[in-house]
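**Q** Next come a sequence and a model predicted from it.
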Amino acid sequence: FVELEEGVEGLIHVSELGPGKVKTPVGMFEEGQEVTAKVIHVAPLERRIGLSIKRIDEEAEQSYYEEYSATGAGHGGTTLGSLLQEELVQQQSRARASEEDEGDE
């Protein structure tokens, strides 16, 4: 259980503590330690708030992926095809420069 503010508690289920399996939260946190968590469930009638630390990390990872994807393939970013095309153009330029150098001799 965590105190969200005076008189308001939230529960972070052991499965929502982090990636992988956590058998017990004992020793993971110290009393009074602040943690960042996402609200994943609110039951006002039961006065319960479910929280997750794991989902904060998952969302951060997802946002990094989405940001990368938005600048990546299909959006003017680097793809394997564009790298191969760039290398081919460079090889052709070097070949032409080499031919011109041989013609000057």
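**A** Arrived safely, thanks for sending. Owing to the predicted nature of the structure, the values given are computational and were not obtained by experimental measurement.
**Q** From now on I want contacts and neighbour counts done on CA atoms only, so please keep to that.
**A** OK.
**Q** ok, which stretches of this protein are helices?
**A** With DSSP state H as the criterion, the chain has helices at 54-71, 80-104.
**Q** Tell me how far the last one lies from the chain's centre.
**A** If you compare the mean C-alpha spot of helix 80-104 with that of the full chain, they lie 38 Å apart, counting by C-alpha atoms, centre = their mean, to the nearest Å.
**Q** Of all the residues in that helix, which ones are buried?
**A** By 16 or more other C-alpha atoms under 10 Å, helix 80-104 has no buried positions at all.
**Q** how about the helices of the chain in TSV, adding distance to Ala43?
**A** TSV is the format used below for the helices of the chain (distance: least, C-alpha to C-alpha, whole Å):
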stretch	distance to Ala43
helix 54-71	19
helix 80-104	49
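**Q** Mean pLDDT lowest where, among those helices?
**A** The stretch with the lowest mean pLDDT among those is helix 54-71, at a mean of 78.
**Q** by contact count, what packs against it?
**A** For helix 54-71, there is no helix or strand it packs on, judged by 3 or more C-alpha pairs under 8 Å, 6 or more residues apart in numbering; DSSP states H and E.
**Q** Buried residues of that helix, list them for me.
**A** Neighbour-count burial for helix 54-71 flags 54-57 (criterion: 16+ other C-alpha under 10 Å).
**Q** wait, which of those is closest to Lys23?
**A** If you rank the buried residues of helix 54-71 by distance to Lys23 using C-alpha to C-alpha, Lys54 comes first, at 14.7 Å.
**Q** Can you tell me how far the closest residue to that closest one other than its chain neighbours is from Glu30?
**A** Among residues not flanking Lys54 along the chain, Gly18 sits closest, at 4.3 Å (C-alpha to C-alpha, 6 or more residues apart in numbering). In this view, Gly18 and Glu30 are 16 Å apart by C-alpha to C-alpha, to the nearest Å.
**Q** higher neighbour count, the two?
**A** Taking neighbours as other C-alpha atoms under 10 Å, Gly18 and Glu30 compare with Gly18 leading, 15 against 8.
**Q** any idea how far that one is from Arg96?
**A** Applying C-alpha to C-alpha to Gly18 and Arg96 gives a distance of 57 Å.
**Q** Tell me which of the helices of the chain sits nearest to Pro25.
**A** helix 54-71 (13.3 Å).
**Q** Many thanks, I have nothing further to ask.
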